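Student: Below are the sequence and a predicted model; questions follow.
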Amino acid sequence: MSFFSKKVISPNKVKFVSLLTVSGLVMVLVFVLTSVVMQQSLSNAENQYMRSCSHILDGYSSAVRFYLKNYRTSLSSIYDENLFRSEDTERIHRWLMDNKQFLDDDFISVFYVDKSFKGYFSQGFTKDLSGRDYLQEAFHLNSDYFVSDVLHSSVSDKMIFVIGEPVFDSSRKCIGILCASIDVRILERMRQVIRIGESSSVYIVDRTGRFLVHPDRNYIGKTFIPKSKKYQDITSITVAENGDDVVETEDENGVPINLFSTKIKNCSWTLAVAFPKSEFGRIYSQQNVDKALILLVSFMLLLFLVSLDFVVSNYFYKKQFVEIIYDPLTKLMTRSRFEKKVAMVMRHNPKKKFMLVSTDIKGFKFINQNYGEIAADRMVYYYSKILNNIVSDVHGLICHGYADNFYMFIKVESVFSAMRRFRTELKSMSTEIKNFDIPFFPKFGIVFLRPYDKKKYSVRELIGMASFAKTTVKDNVLVPFSIYNMRMLGKVNEQHYIETHMEAALKNGEFVVLYQPKVSLADDRIVGAEALVRWSTPDIGFLVPDKFIPLFERNGFITKLDFYVYEKVFLFLDKQIKAGLPVVPISVNMSRNHNKPDRFMSEFMGLFKKYNIPSTLIQVEILERSVMDNNTMREVTDCLHSAGFTVAMDDFGSGESSLNMLTKIPVDILKFDKDFLSSSTNENGCINEKSAKFIQSLIDMSKHLEKETIFEGVETKAQRDFLRSIKCDQVQGYFYSKPLDEENFIKFLSSHLPL
């Protein structure tokens, strides 16, 4: 081509030149308009700023009302007019205890107050509430709802506020109040949301001027008087009395501020936002900005916007096409595209064998809650890269379904060779996953499509089979996969039976608590027991925990079963003590679903205080593989210790524990998983040498950390003798005793206690 040959200009370049020309003409107009309106705009800046602050304040006042409205809605959800008007406090008390799980997680407790000011709490206890001013006033209010001032709770020893719904008889006379107490720290999240600039501060005061929300937590429940004489008349009390107002005063640090305040409707509280007076100085300083600089910035901005319009319009055109086929987070195929591609491959290869894999991350919902959506998205993206590399190596197909779900479709030569390669990939995948900053464990469901299968399955049916197989994966990181087969149909029916009968089983007492003794290796004396649960069904017989516990963990029923077991244990110990019979400490399991320490401790202590037993007789076992993060696990442990209970880490060594975690979480006892022994014992019942050294190192490490040690699953004399030789403290297992019912456990207890 000749250097001087005529060039053809692309349509995109024509568009760009045209936009640039228009920009020049617009800039001339901008120059004229800027000169005319700039002075007037600057003079109005302060008034506009003041109006904006007032509007924003009103908006956040609405947000606070929204929070309170949600709490009221949650409280009203358990209000039964006929029940509460009956004034049958015993039935009302039972109703609160049975329905507390349906209430907002922010509620510390829900209680009903009768005319004699006796409180009936959802945790199971009653309390005299006479002398509470807010209740005295509530009984004389002709209102359907009230919110109290900030209070100090004698029940939870926290600063709280109370919402209440009065109960009226047919003559509109108040006969009781349904209440819920909420930790004022919950309001902290409102303060964190209400941010108007880096230097603004948000406050909420009750009608007496005491703070419910304050940047300095030391002011919660207190009033504030400025130090300067100039502002001493503007106290938090006067702010509460005046309501809607704008005043000049100073904050707790002596900084002059403009304080905007407004009454929160349907509530006795006042919301206030403080802005340093220096903010207004910045408004006035804008008048000294050079006009030429403003025009230059305007020109550059206009040029940028025109160019951006050119680029973005083309980008979104392409992006729209990408999003139809690819997932925006992982850049993998969407499920709909995946199904079409797989269907086409199956149609063109009717005599080939294929493997479809469904995978997700164990406990992803709790990871999302504990670490946040951003961290969860990073985890999904990281996992997608690992899976995509594996699938790319074998020229397979992969897609991102939803949340943490992925599907892979791979051509295979045989089931045997496919599974051999799959296990190899699992090992390398495990190494890569450990490099991520948040520990996570995937699980897999697998289904094979073979040409001699009589039925022709659709892609959706294959995905459904693989996904169901995935739900049967047990909590064992060593075998994180399951292969679909027809025997699983029976499991489907069994799981359906469990889910449709679990509520009635709990009510009818079909769950049986057994006790497996813990024996001291020093003298073969019983030193405790673990409470275990079995299900004796009238239809399909005795069910072991592996049949129903994983399902209960998934559907949330496990928390009800936990408290059922707790009460059975407390009742058993209480009967033994009252009868003057021997007792030993009993350990109970805290399932992984309890991830709110305050709520768990409130309900646990409410149940515990119903029985006259010392806290030294109760040990709580928390799972090493719990989805709680280290901070939450430490908070749970500290709460249990402060109440006098001992804490054990159950199934230690079966997850991804670290020495660092043990130094941060002050558990008293390390309980080693039974797999250590079963996988280390050879055919003659002895521990192999390599495993023996490893177990020895675990015990030595525990001693250095000043933790007691106990091994589960001791079944042979050789195992017992080995653990005794390395100074393990306690054991439990069939060598000494299987789990026993109450009658047989008492007999065992009598024969193994020191005289």
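Tutor: Yes, it's here.

Student: what are the ranges of the helices in the stretch 551-700 of the chain?
Tutor: Chain-ordered helices for the stretch 551-700 of the chain, with DSSP state H, counting those that start in this stretch as the definition, fall at 558-578, 597-608, 630-642, 659-664, 675-678, 689-704.

Student: Dump those helices to TSV, plus mean pLDDT, mean neighbour count and distance to Thr223.
Tutor: Every residue, glycine included, has its C-beta placed from N, CA and C. Written out in TSV, the entries for those read as follows (pLDDT from 0 to 100; neighbours: other Cβ atoms under 10 Å; distance: least, Cβ to Cβ, whole Å):
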stretch	mean pLDDT	mean neighbour count	distance to Thr223
helix 558-578	95	18	41
helix 597-608	91	19	27
helix 630-642	86	17	31
helix 659-664	67	13	39
helix 675-678	78	18	60
helix 689-704	86	14	52
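
Student: Could you say which one of these comes nearest to Thr537?
Tutor: helix 558-578 (14.3 Å; Cβ to Cβ).

Student: before we move on, back to that, which one of the helices of the stretch 551-700 of the chain lies closest to Met355?
Tutor: Distance to Met355, taken as Cβ to Cβ, is lowest for helix 675-678 among the helices of the stretch 551-700 of the chain, at 28.5 Å.

Student: What is the closest one packed up against?
Tutor: With contacts defined as 3 or more Cβ pairs under 8 Å, 6 or more residues apart in numbering; DSSP states H and E, the secondary structure elements packing on helix 675-678 are helix 689-704.

Student: And the helix it packs on, what does it pack against?
Tutor: Helix 689-704 is packed against strand 669-672, helix 675-678, strand 708-711, helix 717-725, with contacts defined by 3+ Cβ pairs under 8 Å, 6+ apart.

Student: Now tell me which of the ones you listed the model trusts least on average.
Tutor: Mean pLDDT per stretch puts helix 675-678 lowest among the helices and strands packed on helix 689-704, at a mean of 78.

Student: roughly how far is that helix from the heart of the chain?
Tutor: 32 Å (Cα atoms, centre = their mean, to the nearest Å).

Student: now stretch 160-179
Tutor: Mean C-alpha position of stretch 160-179 versus that of the full chain (Cα atoms, centre = their mean) differs by 33 Å.

Student: average pLDDT across that stretch?
Tutor: When the per-residue pLDDT values of stretch 160-179 are averaged, the result is 91.

Student: hey, C-alpha coordinates of it in CSV?
Tutor: Only the C-alpha atoms of stretch 160-179 are listed here, as CSV (Å, rounded to 0.1, in the frame of the first residue of the first chain):
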residue,chain,number,x,y,z
ILE,A,160,-30.8,-2.7,76.8
PHE,A,161,-34.0,-1.1,75.5
VAL,A,162,-37.4,-2.8,75.5
ILE,A,163,-40.1,-2.9,72.9
GLY,A,164,-43.6,-3.9,74.1
GLU,A,165,-47.1,-4.6,72.8
PRO,A,166,-49.8,-4.1,75.5
VAL,A,167,-52.6,-6.7,75.8
PHE,A,168,-56.0,-5.1,76.2
ASP,A,169,-59.3,-6.8,77.2
SER,A,170,-62.6,-6.1,75.5
SER,A,171,-63.0,-2.8,77.4
ARG,A,172,-59.6,-1.5,76.3
LYS,A,173,-58.0,-2.1,79.7
CYS,A,174,-54.4,-3.2,79.7
ILE,A,175,-54.1,-6.6,81.3
GLY,A,176,-50.5,-7.4,80.4
ILE,A,177,-47.6,-6.6,78.1
LEU,A,178,-45.7,-8.7,75.6
CYS,A,179,-42.1,-7.5,75.6
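
Student: Using neighbour counts, pick out the buried residues of that stretch.
Tutor: 160-167, 174-179 (16 or more other Cβ atoms under 10 Å).

Student: how about the residues you listed in TSV, adding distance to His496 and secondary structure?
Tutor: Compiled in TSV, the buried residues of stretch 160-179 are given as follows (distance: Cβ to Cβ, whole Å; DSSP: H, G, I helix; E, B strand; the rest coil):
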residue	distance to His496	secondary structure
Ile160	43	strand
Phe161	44	strand
Val162	43	strand
Ile163	40	strand
Gly164	42	strand
Glu165	39	strand
Pro166	44	strand
Val167	41	strand
Cys174	47	strand
Ile175	45	strand
Gly176	42	strand
Ile177	43	strand
Leu178	37	strand
Cys179	40	strand
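
Student: Mind naming the longest strand for this protein?
Tutor: strand 526-537 (DSSP state E).

Student: That'll do, ta.
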